[in-house]
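Trainee: need a structure here:
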Amino acid sequence: MSSQLPETPATVAAIILAGGASSRLGGTDKTRLPIAGATALQRVLRAAPVGRRIVVGPSGEDGDVLAARHGARFVLEDPPRSGPLAAVARGVAEFSEGPDEATVLVLGGDMPMLRPETLAALAARSAETARVAALEGAEGQLQFLGAAWPVGRLRAALEAIERPEGGWADLSLRRLYAQLREEELLTVPATGAEGADIDTPDALAQVRRAAGPRIALAQIEVSEDVRETFDIVRGAVAEAAAEGAHLVLLPEATLTPFGTDLRAAAEQHHESFAQLVQELAETHEVVVAAGSFTPADDGRVHNTVIVRGPGWDPHLDYRKIHLFDAFGTDESRTVAPGEELITFELEGTRFGIATCYDVRFPEQFTSLAQRGAQAILLPLAWKEGPGKREQLQLLLRARALDATVVVLAADQSPPADHTGSAPRGIGRSAVIGPLGLVRQELGREPGLLLVDLDLEEIEAARAELPVLRHHVELPHP
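Mentor: As a prediction, this is how the structure comes out:
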């Protein structure tokens, strides 16, 4: 199961500046400060959508681990502590074999809210236009260490401002960007806190307020053999935990796929499945949410999302409210509806839960948001059919906009040989931002999609689009 975004073809390296202690932070190495369970540098390394990462700065106690985990190489500017421009030059020298038309990301090791999709977009725009594409932070401020450069242009700019006696000691990055003509630079506006660095105590506090938990969407193929599915779930949760996830979301009907005997599976296997999920939560110290089936009093089952955390917190079940009696499927024949909305809190973020067909009912998402939900977990077993992929993306984007929430949708990966009419997923698990933009999306194959929530993005969306405050309860006929 892959846990990486597809590598941006135009980007062959990331040069990450991670040098030294900050006097404004009491002499602390700001790149090693903890932000939502990971250091700032670790978050930047895992955001860089490339296979090669050059870190210019001291390796410190964690260097070997970071190098092995992220394919990073640590080097020091020469002479040491001679400033950011000298560090950029050292990174470019380390990348000496790169052709001039290659694109490199130049990043700050103290920018922990950078996003993989944003960096991939910067690199792609730079490659398409042969210009420098830079992130634009607060109040239009250009982020010098959040940019993609054609490496040939970067080499030329460095050569133009090198000191006569050699080197770039004590020269600022502003000198580098001053070499660019206006038409050589394009900017991409930052969203949420992604443009923030942590140069000051106030900036550090702001980033820590904005940094929500890391979520893993595990898109798996659900087997009709429960034991095989249990093994798949074990592997997915272990991989997500190794990637630093705080919460792992598995699809709807992870216990057993639709088209099987749901009542028998609920009676025979739900308890052992719930026990497995609890054990995985304890072992890996993550919260796990997964689709199961539990017996209902009338002989049917409840389509139930179980949420289990380490130490039994959280420990809750959500029963799917809206049943899929549509497109030739009659879910209510075997499934009884739930009645209760569920929210819970994790790492300072409130989550709501919905399941698959619930996505067609905007009031459920709005109600969850009015109860404080900033993100909504949406496990799916989407049914294949004409136009269904387009409907899914449209609905995900609309629900995010309706409630100004992040929608986290994890679908089943469809079996290649599936020919029945029962819903078995179409893949396309996705993260949708609070203004309806698709942040990340998988294809049809099994995979792991990782997202670090940005609470500032949600807050800003709700200030810009205050639909929750403007909501009016209309009279029923």
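Trainee: ranges for the helices of the protein?
Mentor: Listed in chain order, the helices of the chain (DSSP state H) span 40-47, 63-70, 84-94, 116-129, 151-161, 173-177, 201-210, 226-242, 262-284, 362-370, 388-403, 455-464, 467-470.
Trainee: buried deepest among those helices, which one?
Mentor: The densest packing among the helices of the chain, expressed as mean neighbour count by mean count of other C-beta atoms under 10 Å, is seen in helix 40-47 with a mean of 25. C-betas here are computed from N, CA, C, even on glycine.
Trainee: what angle do that helix and helix 63-70 make?
Mentor: Helix 40-47 runs at 20 degrees relative to helix 63-70, counting by axes from the mean of the first three to the mean of the last three C-alpha atoms, to 10 degrees.
Trainee: let's have the chain start at 14 instead
Mentor: Taking 14 as the first residue, the last one we looked at is helix 53-60.
Trainee: run through the bridge partners of Thr362.
Mentor: Leu359 (DSSP bridges).
Trainee: that older thread, the helices of the chain: which one's closest to Glu265?
Mentor: Nearest to Glu265 among the helices of the chain is helix 275-297; the distance by C-beta to C-beta comes to 12.0 Å.
Trainee: helices or strands up against that closest one?
Mentor: helix 239-255, strand 300-308, strand 314-321 (3 or more C-beta pairs under 8 Å, 6 or more residues apart in numbering; DSSP states H and E).
Trainee: what helices or strands is the shortest one leaning on?
Mentor: Just to be clear, that refers to strand 314-321. By contact count (3+ C-beta pairs under 8 Å, 6+ apart), the secondary structure elements abutting strand 314-321 are helix 275-297, strand 300-308, strand 328-332, strand 348-349.
Trainee: next one: the last one to chain centre, how far?
Mentor: The chain centroid and the centroid of strand 348-349 are separated by 33 Å, computed with C-alpha atoms, centre = their mean, to the nearest Å.
Trainee: if we can go back for a sec, would you turn the helices of the chain into JSON lines with distance to Asp326?
Mentor: As requested, these are exported to JSON lines (distance: least, C-beta to C-beta, whole Å):
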{"stretch": "helix 53-60", "distance to Asp326": "25"}
{"stretch": "helix 76-83", "distance to Asp326": "29"}
{"stretch": "helix 97-107", "distance to Asp326": "44"}
{"stretch": "helix 129-142", "distance to Asp326": "30"}
{"stretch": "helix 164-174", "distance to Asp326": "49"}
{"stretch": "helix 186-190", "distance to Asp326": "45"}
{"stretch": "helix 214-223", "distance to Asp326": "22"}
{"stretch": "helix 239-255", "distance to Asp326": "17"}
{"stretch": "helix 275-297", "distance to Asp326": "10"}
{"stretch": "helix 375-383", "distance to Asp326": "20"}
{"stretch": "helix 401-416", "distance to Asp326": "25"}
{"stretch": "helix 468-477", "distance to Asp326": "21"}
{"stretch": "helix 480-483", "distance to Asp326": "28"}
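Trainee: local confidence estimate at Val261?
Mentor: With respect to pLDDT, Val261 scores 98.
Trainee: now do the contacts for Arg103.
Mentor: Each residue near Arg103 by C-beta atoms under 8 Å, 6 or more residues apart in numbering is listed here: 69, 88-91.
Trainee: now with 10 Å?
Mentor: Neighbour list for Arg103: 28, 30, 32, 67, 69-70, 88-91, 93, 95, 181 [criterion: C-beta atoms under 10 Å, 6 or more residues apart in numbering].
Trainee: in PyMOL, how would I select the buried members of those residues?
Mentor: Buried members of the contacts of Arg103, defined by 16 or more other C-beta atoms under 10 Å, are picked up in PyMOL with:
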select buried, resi 28+30+32+67+69+70+88+89+90+95+181
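Trainee: restricted to strands, list the contacts of Arg103.
Mentor: Using DSSP state E, the members of the contacts of Arg103 that fall in strands are 28, 30, 67, 69, 88.
Trainee: so what's the last one closest to, chain neighbours aside?
Mentor: Translated: Val88. Once flanking residues are discounted, Val88 sits nearest to Glu107: 5.3 Å by C-beta to C-beta, 6 or more residues apart in numbering.
Trainee: just checking, the one you found touches Ile67?
Mentor: Yes: counting by C-beta atoms under 10 Å, a contact exists between Glu107 and Ile67, whose distance comes to 5.0 Å.
Trainee: any shared contact partners between the two?
Mentor: The contact sets of Glu107 and Ile67 overlap at 26, 28, 86, 88 (C-beta under 10 Å, 6+ apart).
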